[in-house]
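K.L.:
Return a 3D structure for these sequence lines:
(one chain, ligands or ions: 1)
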Amino acid sequence: MKDKTLVAGDWHGNLMHAERVMREAARLGATRVLQIGDFGYGWSLLEKPSPGSNNYCAFTQEISRLALEVKIPVYWIDGNHENFDLLEAAGAFAQNEPVGLLPDVTYLPRGVTLEWGGQRWLFLGGAHSVDKAHRTPHQSWWEQEELDLRDVARALGHVNDLRTEDFSRGLARPRPIDVMAVHDAPLHSLVPGDHSVWAHKDQDTRPNREKLMQVALQARPALLVHGHYHVRYTAARGVFAPLPDTLIEGLAGDGAVAGSTLIVEAP
Ligand SMILES: [Fe+2]
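P.N.:
Numbers count the residues shown, from 1 in each chain. As a prediction, this is how the structure comes out:
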């Protein structure tokens, strides 16, 4: 059976939507679900770590229960709407490798790579909240939301490790990354329609997108898939000049399952 990843856009802790996505993944025979940020980790203010446990997040527990029920593991990257304090308390944020949070629920820190079905995936969460002025620090907004230089260094380090591996195998030209799964988009203007109300905040979102671009230019992914803007669109190869060999897919958020999911099959 072919390796098949169902990539899912923003969940925002919406359990009803997440369950529909998980059941669709089961129907399609997916190998795994990859949620690409705004998972909704520890979002509820009631979700404080309980004594002796760093993993308390009611939503994650429900996702773990569902994953075990449908027998499909869930992986996720962070967006800008996660409780980063809790993620740090769980020892998961800014790590160098995947972190199992609960049975069949794995968090993929920024810059981590994995090989799925022979394809190389690079993960890079994080984004800027354009509405942060209306949010409360450590309750509905966290300063860790944006990429920082350590995240970029971690990602480039992993990409370079893969190149070194290719050279040591005797490959004349290293393979690029097959799929780059990110929360933010490399360029705001790529995304049609949505967020135009936030156009005046475009400058504020630039630092995060520039760091993302810095990594993408090195990784040269065949496919880049992102969420965050809640708009389903496709930019064919050649459309986005800085990454001419990259197909870009933007996914919608929680709501309709169809626009918010994408199947990526290993060749
Ligand atoms: Fe987002």
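K.L.:
Enumerate every residue touching the residue of the stretch 51-200 of the chain found nearest the ion.
P.N.:
In the stretch 51-200 of the chain, no residue comes nearer to the ion than Gly79, which is 4.1 Å away by CB to the ion. All C-beta spots, glycine's among them, are computed from the backbone N, C-alpha and C. By CB atoms under 8 Å, 6 or more residues apart in numbering, the residues touching Gly79 are 10, 36-39, 125-127, 145, 183, 227-228.
K.L.:
switch the cut-off to 7 Å
P.N.:
10, 37-39, 125, 127, 183, 227-228 (CB atoms under 7 Å, 6 or more residues apart in numbering).
K.L.:
List the ones among those that fall in strands.
P.N.:
Judged by DSSP state E, strands contain none of the contacts of Gly79.
K.L.:
which SS class is the residue of the stretch 51-200 of the chain closest to the ion?
P.N.:
Classification of Gly79 by DSSP: H, G, I helix; E, B strand; the rest coil places it in coil.
K.L.:
is it fair to say Leu68 lies in a helix?
P.N.:
Yes: secondary structure assignment places Leu68 in a helix (three-state DSSP).
K.L.:
That one contacts Asp104, correct?
P.N.:
Yes: Leu68 lies in contact with Asp104 (CB atoms under 7 Å); the separation is 5.6 Å.
K.L.:
ok, those two, which is more surrounded?
P.N.:
Asp104 (21 against 14; other CB atoms under 10 Å).
K.L.:
who does Val105 bridge with?
P.N.:
Val74, Leu102 (DSSP bridges).
K.L.:
so how far is the strand or helix carrying Leu217 off the chain centroid?
P.N.:
According to DSSP states H and E, Leu217 maps onto helix 202-219. Distance, stretch centre to chain centre, for helix 202-219: 15 Å (CA atoms, centre = their mean, to the nearest Å).
K.L.:
For the stretch 151-267 of the chain, which residues are neighbours of the ion?
P.N.:
His228 (CB under 5 Å from the ion).
K.L.:
Helices of the protein, start to end?
P.N.:
15-27, 58-70, 84-89, 149-168, 202-219 (DSSP state H).
K.L.:
What residues of the fourth one count as buried?
P.N.:
Neighbour-count burial for helix 149-168, counted by 16 or more other CB atoms under 10 Å, picks out 151-152, 154-155, 158-159, 162-163.
K.L.:
How about the last one?
P.N.:
Neighbour-count burial for helix 202-219, counted by 16+ other CB under 10 Å, picks out 205, 208-209, 211-216, 218-219.
K.L.:
Dump the residues you listed to CSV, plus pLDDT.
P.N.:
Formatted as CSV, those follow (pLDDT from 0 to 100):
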residue, pLDDT
Thr205, 89
Asn208, 96
Arg209, 94
Lys211, 97
Leu212, 97
Met213, 96
Gln214, 96
Val215, 97
Ala216, 97
Gln218, 95
Ala219, 96
